[in-house]
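1. Below is the structure, and that's it, no one-letter string:
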C-alpha cells in the first residue's frame, strides 16, 4: 500500500506539472500524461522515451503499434506484461512524436528516479537510445554509453541504493514497425531477458 501511495503522489504531481513545456499542449489536445502501469513490486521495469499519440490519448504506456510489438516480444518469452512495470522518461507526448528535448528529460527524469526507487526492480530494460543514455548516466556508468546499435542486448551491472541490478539496453520497439530484421534482433534481446530472469537477474556482461 505504501508503494501505491507514493506512486499516486507522483501521478498527482505530474497532472499539475504546469512548468513543463509539454503541459499546455497536453491540455489543448485533451490528452493525458502517461505515468506508468504494472506491478508495483515488479522484478522487471521497462523504460521507454516518451508517449506517442495513442498513449497520450489513453494515458497508458506502449498501447499503440510499438506496444503491440512489445507485447509480441513478451508473449514469445512467456512473460506477462502485468508482471512488469512499464513507463517512459518523459511523461507527456512531445508534439508530432519528435525526440524528447534535454530540458524535457530534465523536468520529468526526477519522477522516473522516484519510480525506480519505489519499485526497486532487479532488471531495468531501457527501450531506445534516450532511455539507455539516461539510465547509464543515472547509475554513473557514462563510460558504458555507446550507440544503441552497440548497446542492444549487452547487459550491464549497476549499483543502486537497494543492491546490484542488471540494465539491459534494447532497441525501442518502434524500430521494428517497418523492419522485420530489426524485429528479429529485438526478439533476440527479449530471449536474453528470459535467460537473465532464469538466473535470478545474475548474468555476466
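-> Ah, there it is. The model shown is predicted, which means the values in this text are computed figures rather than measured ones.
2. Using the three-state scheme, assign the residue nearest the centre of the chain.
-> The C-alpha lying nearest the average C-alpha coordinate of the chain belongs to residue 47 (Cα atoms, centre = their mean; 0.8 Å). Local secondary structure at residue 47 is given as strand here, using DSSP: H, G, I helix; E, B strand; the rest coil.
3. Apart from its chain neighbours, what residue comes closest to it?
-> With Cβ to Cβ, 6 or more residues apart in numbering as the criterion, residue 47 has its nearest non-adjacent residue at 4.9 Å, and that residue is residue 131. Placement of C-beta: from N, CA and C, glycine included.
4. got the buried residues for the host helix or strand of the one you found?
-> For residue 131, the host element (DSSP states H and E) is helix 129-138. Taking 16 or more other Cβ atoms under 10 Å as the neighbour-count basis, helix 129-138 is seen to contain the buried residues 129-136, 138.
5. and what of stretch 91-104?
-> By neighbour count, with 16+ other Cβ under 10 Å as the criterion, the buried positions of stretch 91-104 are 91-94, 100, 104.
6. Output the contacting helices and strands for the longest strand seen in the chain.
-> The strand of greatest length in the chain, counted in residues with DSSP state E as the criterion, is given as strand 163-170. Packed against strand 163-170, as judged by 3 or more Cβ pairs under 8 Å, 6 or more residues apart in numbering; DSSP states H and E, are the following elements: strand 123-127, helix 129-138, strand 156-160, helix 180-198.
7. what residues are up against the residue of the chain most remote from its centre?
-> Relative to the mean C-alpha coordinate of the chain, counting by Cα atoms, centre = their mean, the farthest residue is residue 28 (25.7 Å). Taking Cβ atoms under 8 Å, 6 or more residues apart in numbering as the definition of contact, residue 28 has no neighbours.
8. what about it, distance to residue 15?
-> Spatial separation of residue 28 from residue 15 under the definition Cβ to Cβ, to the nearest Å is 15 Å.
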